[in-house]
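>>> The following comprises the amino acid sequence and a computationally predicted model.
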Amino acid sequence: MKTSALPTGTALITGASSGIGAEFARQLARRGQRLVLVARRAERLEALARELKQVHGVTIECLSADLAETSGQELVAQRLQGTPPVEWLINNAGFGSGGLYHETKAPKQMAMIEVHVKATARLIRAVLPAMVQRRQGVIINVASIAAFAMVPTSAMYSSTKLWMVGFTKALAAELEGTGVHIQALCPGFTHTEFHDTEEYRHFNRQVVPSFCWMTAAEVVRQSLHAVERGSGVFIPGWFNRLMVLGMKMPGVQSLGKWYARRRWHGSPSSP
């Protein structure tokens, strides 16, 4: 597929205070793009903004918003419709809540629907008409290879990420010929703060082989390269692509159920 030129204007990144979101900020700042950084933790945003301004001299706005709240979604939607126009939207905000669905905190599970589903849909709807009118724009929805594997301890996470993939694929079909690129980015295990939460206190990183992990920098680099080549679902890393292909084979779903419990509890005999 022929590589196409992408817009170099303002990029709005949600969940920009750490991990993949912060890495998108670094790599786009390296390209000289103006940034709007969105996250709940204002102090982390300001620290990242100072770093990027000093190193790359780019213009950066910081917007503190909680996308689990309707007010936070509306605040970001208003900025997407403001000036200067946003030519890149990266829906990276997200989190997991490991554990069996009936045992985990209900508010955390419902918040995943707000952040992964409602915020993603709301923000895209806010920015997309102007992108189509200008005949250029980039939208990256950060999903996960978990979207392709419905396994224990990640029922809501996997389901909401599957929605993100399906929604992206449908929009990609609608946007053909408009000049707007849209990607569902589906990373696997990535070295970030994702598992450094109270909900993942029982997660056993050692059960996951080292070759299964990628850095946030490599995930983002591959994503940006792929979006230049068009819209669709993108899975970074050869192992992750093999994993998704393998999930379609007979018996693999059963193996996945066993493995999910083992990596959570650290023992195949744990309940």
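Thanks, I have the structure now.
>>> what about the residue nearest the centre of the chain, distance to G82?
Nearest to the centroid of the C-alpha atoms of the chain, with distances taken as C-alpha atoms, centre = their mean, sits V142, at 2.2 Å. Here the criterion is C-beta to C-beta, to the nearest Å. By it, V142 lies 23 Å from G82. All C-beta atoms are positioned from the backbone trio N, CA, C, and that covers glycine.
>>> Strands of the stretch 101-250 of the chain, residue ranges please.
Assignment of strands within the stretch 101-250 of the chain using DSSP state E, counting those that start in this stretch yields the ranges 137-142, 180-185, 190-191, 214-215, 232-234.
>>> Now do the third one: distance to the chain's middle.
Just to be clear, that refers to strand 190-191. In terms of C-alpha atoms, centre = their mean, to the nearest Å, the centre of strand 190-191 is set 13 Å apart from its chain centre.
>>> Could you pull up the residues touching the closest residue to the residue nearest to the centre of the chain other than its chain neighbours?
Spatially, and ignoring its direct neighbours in sequence, V142 is nearest to N92 (4.4 Å; C-beta to C-beta, 6 or more residues apart in numbering). N92 sits next to 13-16, 19-21, 24, 140, 142 when contact means C-beta atoms under 8 Å, 6 or more residues apart in numbering.
>>> Let me know the closest of those residues to S71.
Ranked by distance to S71 (C-beta to C-beta), the contacts of N92 are led by T14 at 14.8 Å.
>>> for the closest one, which residues make a bridge with it?
Beta-bridge partners for T14, by DSSP bridges, are V38.
>>> Pull the contacting residues for it.
Each residue near T14 by C-beta under 8 Å, 6+ apart is listed here: 21, 38-39, 67, 76, 90-93, 119, 123.
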